[in-house]
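*Asks:* Task: produce atomic coordinates for the following.
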Amino acid sequence: MLRGASVDTVGGKGLSIGAFWESGCGPETARDTLYYFGGSSTGGAFQFSGHAEWTWPARIHERLCAQTGPESGFRSLNYGDSGRDSFDVATVAASLFARNPPSVVVFYGGINDILTETSSLTRKQRAQLA
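*Replies:* Residues are numbered from 1 along each chain as shown. Next up, the predicted model:
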């Protein structure tokens, strides 16, 4: 069962991101942690609103759970959200990973980095100027 919206929020310097959903399988003591990052294609904010189980990270989670033995397990957190780009992820990744180190990180991105370009400066450069 996917548990939704902002189950693990982290951020700073004006940026805070929360997991769109979280789910686990297997014993909690034997859990690896899988993080999924990306824009709406990862989070499904528009495509699958109200149906987190239809997102590609949820489908991967479901398939991995089906293959998990009784003594192993993992926890998946989907940090995909509308407009999220590589700068958003890079800004919060270190503090998020310090709290709960990942076993696997999957980043599906690029389109928001391209489509949100409104300046000759990168998001990092604009943040440094602000």
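*Asks:* Which neighbouring elements make contact with the longest strand along the chain?
*Replies:* Of all segments of type strand in the chain, defined using DSSP state E, the longest is strand 31-38. If you count contacts as 3 or more Cβ pairs under 8 Å, 6 or more residues apart in numbering; DSSP states H and E, strand 31-38 packs onto helix 56-67, strand 73-78, strand 104-108. (Glycine included, C-beta is placed from N, CA and C.)
*Asks:* strands paired with it, and their directions?
*Replies:* Here strand 31-38 is paired, per DSSP bridges, with strand 73-78 (parallel), strand 104-108 (parallel).
*Asks:* can you list the residues that contact that strand?
*Replies:* The contact list for strand 31-38, computed with Cβ atoms under 8 Å, 6 or more residues apart in numbering, reads 24, 42, 57, 61, 64, 73-80, 84, 89, 96, 100-109.
*Asks:* mind running it again at 7 Å?
*Replies:* Among residues not part of strand 31-38, those counted as contacts by Cβ atoms under 7 Å, 6 or more residues apart in numbering are 24, 42, 57, 73-80, 84, 89, 100, 102-109.
*Asks:* Need phi/psi at the closest residue in space to Leu77 that isn't next to it in sequence.
*Replies:* Ranked by Cβ to Cβ, 6 or more residues apart in numbering and with sequence neighbours excluded, the top spatial neighbour of Leu77 is Ala19, at 4.4 Å. For Ala19, the backbone dihedrals (degrees, to the nearest 10) come out as phi -70, psi 140.
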